[in-house]
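Visitor: heads up, no residue letters with this:
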């Protein structure tokens, strides 16, 4: 599987912001450069966690870099994201988070209080998520060589024995479940940067989704086909990746997708689609039709899952595409994120 | 164990280069800030890997950040270090490396060829070490916000059932084994930066030490007390940490420690002690006296272990200290690394 002589198909001459944005350019980089070198299946940024089986025990492994600006924003901070983002990658692989590793790259001259604040935020988020930070590393680079603080978190989880999630198992007729309102995180960070003048009572949705996933698994594991947390690139990118991988069409009903007013307003001002905005505390699931109601009911009963909704379905036609169907029946193609309209969102 | 309200004892107002250098300042940061928040035992930069037991299977987890400058140097590159460094942290925990995760933080504008070169170096090093890169993440920051490329690698290994390494098991009379010549990596990087004018045929020692560790475990597992790879801070820092943790004295015999001439020459020019210079392909072990010869023999027979030596012993006196004994009988105290004479060595 490993082929150090593999030829890349990635031909962009330079790395640009879009290559880290989680959309089309990220996919080209990973599929065209990393995957041929490291061997398939490679989850680098494309799926959420890698499977590792040891003596019949199914583990999930994941790692995420965090470079969000500013470091703190309403509802969260880089440290909190660094825990929840990794916990959620494990959760949507059906894995209960067991342990995290945290690596800090710090710019020399950074106030120690900044590092303490983020370590404290990580410890608190880890306690809430029921996981421990068991190790890591600290590196320091010269003043001016980084902007403050980057955190990389790796996580190990144990896959629930009842879970078998795989894009290949998704089939026409399946339903798409969304855990709650979208776009809160991305718009919050954008407002915190002063990108637009808008007074909005909105904050990041950063949280562990494991309790919601666990409720879903308890209620509907046999019908659970696929899960993903729609972070960079948003719901649109996550569903496009599924449509492509599973070779199905996906129709979502725009009026069923919960979007808070400030998010909708900010997106209209900026010409962005809420479906492309990053979330840090939501997940998407595809569930067999006969278990969809039970799945929705279970997520809605779990604390924080009250706004969950069945927002779409899997179709035989329009394979490889995501269609957004409006209330009055017209539909539009929803593409993956292109470019990087919201850099360094996580 | 987790206490988000814990009080830090770390009082340095700002993070400086020395806090990432692996010596005294790193220890203060980890013990005074991270450990109280994340709970003990915490291996952040202090020990090599964290233990995680699942249904009787003993795993080791580790993560390391790599920020070396320049990215490429004689004998290696950041990508190769990023694999071998993490593999070695697992190896000295007695764990066979199973899987790695690689996270890239890339400066926008970096030539794609640079990223390809490092991904290729990682794939080749992983193949040599018998481990796979199974996932990771890519983030991009604006031009000028990082200097090229940082890589964080996390690794999971399975601890060999025969291995029980623990500083607490080290006792007077035990012998100290060193796998080969020291200082090659640090001096190579220093020369590659043009820090001093010296023509020297020397290259980094970066490699996986797992084959050497495995040979040692096969030959002397019941007598194997402790292992460590002396990276940042060098042999002096690793042994000082052991002396402190195990509450023993350690005497090393300077004339028995292999040091290549160019390393000795560079250290003399710069006023550095080879014992403080970073290594990326060596390890230290403490072995019970009755198994020391068998241990040495096994490592020497393994390819790349020919220069291994028994370089010291554990003593009842001078507890918490490392003494270097010269051939003519005098001795000097060898302290941990203080400050950061060789920044960004890995």
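Guide: The structure has been received and is ready for your questions. Bear in mind that the values here come from a model prediction, so they are computed numbers and not experimental data. Residues are numbered from 1 along each chain as shown, chains lettered A, B, ... in the order given.

Visitor: what residue ranges in the stretch 1-150 of chain A score low on pLDDT?
Guide: A:1-7, A:40-47 (pLDDT under 70).

Visitor: Please, where are all the helices along it?
Guide: A:24-29, A:35-38, A:78-91, A:112-129 (DSSP state H, counting those that start in this stretch).

Visitor: Also the stretch 201-346 of chain A?
Guide: Secondary structure of the stretch 201-346 of chain A (DSSP H, counting those that start in this stretch): helices at A:210-220, A:234-246, A:261-270, A:292-301.

Visitor: mean pLDDT lowest for which of the ones you listed?
Guide: Among the helices of the stretch 201-346 of chain A, helix A:261-270 carries the lowest mean pLDDT, a mean of 93.

Visitor: Mind listing what's buried along that one?
Guide: A:262, A:263, A:265, A:266, A:267, A:270 (16 or more other Cβ atoms under 10 Å in any protein chain shown). All C-beta atoms are positioned from the backbone trio N, CA, C, and that covers glycine.

Visitor: ok, of those residues, which one's closest to residue A:97?
Guide: The shortest approach to residue A:97 among the buried residues of helix A:261-270 belongs to residue A:263, at 27.8 Å (Cβ to Cβ).

Visitor: check contacts around residue A:278.
Guide: A:22, A:185, A:186, A:189, A:230, A:231, A:232, A:233, A:234, A:342, A:345, A:346 (Cβ atoms under 8 Å, 6 or more residues apart in numbering or on different chains).

Visitor: and the second one, what is it in contact with?
Guide: Remark: with contacts taken as Cβ under 8 Å, 6+ apart, residue A:185 is in contact with A:75, A:76, A:204, A:205, A:206, A:277, A:278, A:279, A:280, A:281, A:345, A:346.

Visitor: gap between it and chain B?
Guide: 16 Å (Cβ to the nearest Cβ, to the nearest Å).

Visitor: Using just helix, strand and coil, how would you label that residue?
Guide: With DSSP: H, G, I helix; E, B strand; the rest coil as the basis, residue A:185 sits in helix.

Visitor: domain ranges for chain A?
Guide: A:1-42, A:47-159, A:167-333 (automatic domain parsing).

Visitor: just the strands in the stretch 1-150 of chain A please.
Guide: Using DSSP state E, counting those that start in this stretch, the strands found in the stretch 1-150 of chain A span residues A:50-54, A:57-66, A:72-73, A:76-77, A:95-107, A:132-141, A:149-159.

Visitor: The last one vs chain B: in contact?
Guide: Yes - judged by Cβ under 8 Å from any Cβ of the partner chain, strand A:149-159 and chain B are in contact via A:150, A:152, A:154, A:156, A:158.

Visitor: so the third one sits right up against residue B:63, yeah?
Guide: This points to residue A:154. Yes - applying Cβ atoms under 8 Å as the test, residue A:154 and residue B:63 come out as touching, 5.2 Å apart.

Visitor: Now for those two: what residues contact both?
Guide: Residues touching both residue A:154 and residue B:63 (Cβ under 8 Å, 6+ apart) are A:63, A:101, A:103, B:152, B:154.

Visitor: Those residues of the stretch 101-250 of chain A touching chain B, which are they?
Guide: Residues of the stretch 101-250 of chain A lying close to chain B (Cβ under 8 Å from any Cβ) are A:101-112, A:115-116, A:119-120, A:122-124, A:126-127, A:132-142, A:145-147, A:150, A:152, A:154, A:156, A:158.

Visitor: quick one: contacts of stretch A:87-96?
Guide: A:48-49, A:51, A:58-60, A:62, A:64, A:97, A:100, A:129, A:131, A:155-160, A:163, A:165, A:208-210, A:213-214, A:217, A:224, A:227-229, A:231, A:280-281, A:283.

Visitor: ditto for stretch A:252-262
Guide: Contacts of stretch A:252-262 from elsewhere in the structure, counted by Cβ under 8 Å, 6+ apart, are A:176, A:178, A:180-184, A:187, A:198, A:200-202, A:235, A:239, A:274-275, A:307, A:309-312, A:322-327, A:334.

Visitor: So what would you say the end-to-end distance of that stretch is?
Guide: In terms of Cα to Cα, to the nearest Å, the two terminal residues of stretch A:252-262 are separated by 22 Å.

Visitor: Check which residues of that stretch are buried.
Guide: So, applying 16+ other Cβ under 10 Å, buried residues of stretch A:252-262: A:252, A:253, A:254, A:257, A:258, A:259, A:260, A:262.

Visitor: between the residues you listed, which is nearest residue A:169?
Guide: So of these, ranked by how close each gets to residue A:169 (Cβ to Cβ), first place is residue A:252, at 19.7 Å.

Visitor: So for the closest one, what's the pLDDT?
Guide: Note on residue A:252: pLDDT of 98.

Visitor: still on that earlier bit, out of the helices of the stretch 201-346 of chain A, which gets nearest to residue B:35?
Guide: Shortest distance between residue B:35 and the helices of the stretch 201-346 of chain A, using Cβ to Cβ, is found for helix A:210-220: 25.8 Å.

Visitor: Now do the closest one: distance to the chain's middle.
Guide: Helix A:210-220 sits 17 Å away from the centroid of its parent chain (Cα atoms, centre = their mean, to the nearest Å).

Visitor: counting contacts, what elements does it pack onto?
Guide: For helix A:210-220, the elements it packs on are helix A:78-91, strand A:95-107, strand A:224-228, helix A:292-301, judged by 3 or more Cβ pairs under 8 Å, 6 or more residues apart in numbering or on different chains; DSSP states H and E.

Visitor: if I look at residue A:83, how far off is chain B?
Guide: For residue A:83 relative to chain B (Cβ to the nearest Cβ), the value is 11 Å.

Visitor: quick one: contacts for the closest residue to that residue other than its chain neighbours?
Guide: Nearest residue to residue A:83, sequence neighbours excluded (Cβ to Cβ, 6 or more residues apart in numbering or on different chains): residue A:125, at 3.8 Å. Counting by Cβ under 8 Å, 6+ apart, residue A:125 touches A:79, A:80, A:83, A:84, A:206, A:208.

Visitor: again, 7 Å this time
Guide: A:80, A:83, A:84 (Cβ atoms under 7 Å, 6 or more residues apart in numbering or on different chains).

Visitor: now do residue A:50
Guide: Per Cβ under 7 Å, 6+ apart, neighbours of residue A:50: A:43, A:61, A:62, B:134, B:135.

Visitor: how near is it to residue B:137?
Guide: Note on residue A:50: its distance to residue B:137, by Cβ to Cβ, to the nearest Å, is 12 Å.

Visitor: Just the pLDDT at the residue of the stretch 151-300 of chain A found nearest chain B, thanks.
Guide: Residue of the stretch 151-300 of chain A nearest chain B, by Cβ to the nearest Cβ: residue A:154 (3.3 Å). Note on residue A:154: pLDDT of 97.

Visitor: re earlier: out of the helices and strands packed on helix A:210-220, which is closest to residue B:69?
Guide: strand A:95-107 (13.0 Å).

Visitor: and the residue of the stretch 151-300 of chain A closest to chain B, what does it touch?
Guide: A:62, A:63, A:86, A:100, A:101, B:63, B:101, B:154.
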